[in-house]
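K.L.:
Fold the following.
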Amino acid sequence: MGHVYASLTGTQGHFYVPGLNGTTLTIRNDSSFEVVSANQLDEGIAASPMIVDDELYFRTYTHLYCIAEESE
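P.N.:
Residues are numbered from 1 along each chain as shown. A predicted model of the protein is given here:
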């Protein structure tokens, strides 16, 4: 995971923890610690993720990523 400079962001029972190495951990908001997933981008993330409606945005050093369900 590496170092974390960004603030945690949470929605719908999960927290997102982005790292400077580009890995984002998804952690379940529960009384016990559980990592649901670990996802990797090509660049590090120093900015806090943003949530807009049902979309999750990550700003890396040179790109802006939007994570969302594909619309029909």
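K.L.:
beta partners of residue 55?
P.N.:
Per DSSP bridges, the residues bridged to residue 55 are residue 52.
K.L.:
Contacts only, for it.
P.N.:
Residues near residue 55 by Cβ atoms under 8 Å, 6 or more residues apart in numbering: 66-68. Using the backbone N, CA and C atoms, a C-beta is placed for each residue, glycine as well.
K.L.:
what does residue 46 give?
P.N.:
5-6, 20, 61.
K.L.:
With neighbour count as extra columns, can I get these in a markdown table?
P.N.:
Output for the contacts of residue 46, formatted as a markdown table (neighbours: other Cβ atoms under 10 Å):
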| residue | neighbour count |
| --- | --- |
| 5 | 12 |
| 6 | 18 |
| 20 | 16 |
| 61 | 12 |
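K.L.:
by contact count, what packs against the helix or strand bottoming out on mean pLDDT in the chain?
P.N.:
Every helix and strand of the chain was ranked by mean pLDDT, DSSP states H and E. The lowest is strand 9-11, at a mean of 91. Packing contacts for strand 9-11, counted by 3 or more Cβ pairs under 8 Å, 6 or more residues apart in numbering; DSSP states H and E, involve strand 14-18, strand 50-52.
K.L.:
mind giving me a markdown table with these and columns for distance to residue 40 and mean neighbour count?
P.N.:
A markdown table is the format used below for the helices and strands packed on strand 9-11 (distance: least, Cβ to Cβ, whole Å; neighbours: other Cβ atoms under 10 Å):
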| stretch | distance to residue 40 | mean neighbour count |
| --- | --- | --- |
| strand 14-18 | 11 | 20 |
| strand 50-52 | 19 | 12 |
